[in-house]
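1. Everything below, folded, please.
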Amino acid sequence: MLVVLSAANRDPRAFPDPDRLDIQRPGITHLSFGHGAHYCLGAMLARLEGRIAISALIRRFPDMRLAVHPDRLEWRSSLTIRGPVRLPVRFGA
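-> Got it, this is the predicted structure:
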């Protein structure tokens, strides 16, 4: 059996527009840190680190925007990690 983490929470039968990042998507149960007996021991720390880092980034660069149209992003071809190859951003107007 192979668990394909990059497919987690992206089922088009369960989520409208599953490929769009929506941090406020309602009714989602995340699989990112596992489940049950296999739940990640570091999940709380990872969430806290993410919250701190993203908040600091937004405070420091409130005008940060994606520098290209989202359709132009190139996505990694991987079974284990979902993310762009590069994430070009623009700081300011």
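
2. what pLDDT does the nearest residue to residue 31 once chain neighbours are set aside get?
-> Nearest residue to residue 31, sequence neighbours excluded (Cβ to Cβ, 6 or more residues apart in numbering): residue 8, at 4.1 Å. Where C-beta positions appear, they are placed from N, C-alpha and C, glycine not excepted. On pLDDT, residue 8 comes in at 70.

3. shouldn't residue 8 be in contact with residue 34?
-> No - the criterion here is Cβ atoms under 8 Å, and residue 8 misses it with residue 34 at 10.2 Å.

4. number of nearby residues for residue 73?
-> 14 (other Cβ atoms under 10 Å).

5. List the residues that contact it.
-> Residue 73 is in contact with 84-87, counting by Cβ atoms under 8 Å, 6 or more residues apart in numbering.

6. what number of residues lie near residue 15?
-> For residue 15, the neighbour count with other Cβ under 10 Å is 16.

7. what does residue 8 give?
-> Per other Cβ under 10 Å, the neighbour tally for residue 8 reads 12.

8. And it, how far from residue 33?
-> Separation of residue 8 from residue 33 (Cβ to Cβ, to the nearest Å) stands at 10 Å.

9. same question, residue 42
-> 8 Å.

10. So which of the two has more stuff around it?
-> Applying other Cβ under 10 Å to residue 42 and residue 33 shows that residue 33 carries more neighbours, namely 14 against 9.

11. Settle this for me: that one is touching residue 40, isn't it.
-> Yes - with contact defined as Cβ under 8 Å, residue 33 counts as touching residue 40 (4.0 Å).

12. Mutual contacts of those two, please.
-> Common neighbours of residue 33 and residue 40 (Cβ under 8 Å, 6+ apart) are residue 46.

13. And the strands in the protein?
-> Secondary structure of the chain (DSSP state E): strands at 65-66, 89-90.
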